[in-house]
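A.B. asks: fold the following, please.
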Amino acid sequence: MKNIWHDLPKPFFVLAPMEAVTDVVFRQVVAKAAAPDLYFSEFTNATGWAAAGDKAIGGRLIKTDSEGPIIAQLWGSKPEAMALLATHCKTLGFDGIDINMGCPDSSAVKSGGGAGMIRTPELAAEMIVAAKSSGLPVSVKTRLGYSRVDEWPAWLEHLLRQDIVNLTIHLRTKKEMSKVPAHHELIADIKKLRDDIAPDTLLTVNGDIDTREDGERIVIETGVDGVMIGRGVFKNPFVFETTPQIHTREELLSLLKLQLNLHDEWNTDEHPRKFDPLKRFFKIYVRDFDGAAELRDKLMHAKSTDEVRAIIASSAN
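C.D. replies: You can find the predicted model right below:
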């Protein structure tokens with residue numbers, strides 16, 4: 001089995017998995033603007049899928065045949081369910097499995113998944129073994145600890161001893177959520193631990209990295225292998241371009257039109273898409289040009305993709 005992680009450039013830049021954001025539609029928009037080196041699916045509940053099939057995961061694993069490389073991010077607390085869904089992801093054409101051991105969502109944690117894994121390290125190891133049964137390369141995304149920052153040495157060492165292909169660390173604890181600055185001051189120490197314990201495991205960092213320039217600076221200063229950018233894409237849809245440029249109103253609105261078209265294309269009877277969640281994306285494209293605030297206000301009152309298109313068209317006159 002080919003390991004796509006070994007083919008990534010150094011450093012590599014990853015679009016972070018974000019619930020209700022990085023689906024098949026938005027990933028295609030980002031790819032059009034400036035493609036990252038690697039994509040992740042939205043995080044998907046293995047336990048729910050094992051019990052109820054595709055209807056339990058709401059289209060989170062839908063992807064195009066041309067997307068890639070792309071990793072399926074899964075979560076749960078039952079190894080047998082993880083093994084089943086990981087194997088299914090292989091048949092779907094995903095290039096790897098990433099186990100989410102960092103999501104602070106209360107429903108995930110309550111069931112023992114996401115950041116709840118930090119409190120059950122032996123079960124976390126079993127989940128990794130289960131995912132490996134698919135034959136796909138397995139990585140983990142986690143946090144520094146559950147309640148305290150000083151949990152990170154023991155927790156990360158445990159993960160590094162599990163022979164995973166990549167470890168992505170959101171540089172906060174579960175308790176901190178996103179309420180405090182990410183602990184970038186720990187990156188060098190974390191890299192030293194990786195070098196000592198598992199030098200063949202790639203190390204990716206995440207948290208308060210909003211631009212490619214931020215990521216490149218961190219790589220130069222610390223020597224990590226990869227950078228994951230999440231909310232930065234909401235500030236600049238072109239965040240992954242190698243040479244930053246100033247983009248015109250027309251370029252930004254062209255991306256919005258693309259998202260509208262893809263939204264309609266992927267709005268099916270089997271996987272219906274509501275219109276209102278689209279509004280969270282308007283601020284990505286309608287910004288940094290004259291009249292942006294007024295246009296965005298009008299768009300927020302729209303009730304359909306056709307109405308959005310009409311408002312955009314009238315704003316150009």
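A.B. asks: contact partners for Gln162?
C.D. replies: Ala124, Ala125, Ile128, Val129, Val140 (CB atoms under 8 Å, 6 or more residues apart in numbering). Any C-beta I mention is one placed from the backbone N, CA and C, and that applies to glycine too.
A.B. asks: surely Pro153 and Asp196 touch.
C.D. replies: No. Applying CB atoms under 8 Å as the test, Pro153 and Asp196 come out as separate, 11.0 Å apart.
A.B. asks: count the residues that sit near the nearest residue to Leu15 once chain neighbours are set aside.
C.D. replies: Once flanking residues are discounted, Leu15 sits nearest to Pro36: 4.5 Å by CB to CB, 6 or more residues apart in numbering. Look at Pro36: counted by other CB atoms under 10 Å, it has 22 neighbours.
A.B. asks: compare neighbour counts for Pro153 and Asp196 and give me the winner.
C.D. replies: Per other CB under 10 Å, whichever of Pro153 and Asp196 has more neighbours is Pro153, with 14 against 10.
A.B. asks: dump the host helix or strand of the more buried one to PDB, keeping only the CA atoms.
C.D. replies: Using DSSP states H and E, Pro153 sits in helix 152-160. What follows is helix 152-160, C-alpha atoms only, in PDB (Å, rounded to 0.1, in the frame of the first residue of the first chain):
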ATOM      1  CA  TRP A 152       1.800  16.700  27.100                       C
ATOM      2  CA  PRO A 153       5.100  14.800  27.600                       C
ATOM      3  CA  ALA A 154       3.500  11.600  28.800                       C
ATOM      4  CA  TRP A 155       0.500  11.700  26.400                       C
ATOM      5  CA  LEU A 156       2.500  12.600  23.300                       C
ATOM      6  CA  GLU A 157       5.200  10.000  24.100                       C
ATOM      7  CA  HIS A 158       2.500   7.400  24.400                       C
ATOM      8  CA  LEU A 159       1.200   8.200  20.900                       C
ATOM      9  CA  LEU A 160       4.600   8.400  19.400                       C
END
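A.B. asks: same for it, what does it pack against?
C.D. replies: Contacts defined by 3 or more CB pairs under 8 Å, 6 or more residues apart in numbering; DSSP states H and E place helix 152-160 against helix 121-132, strand 138-143, strand 166-170, helix 187-197.
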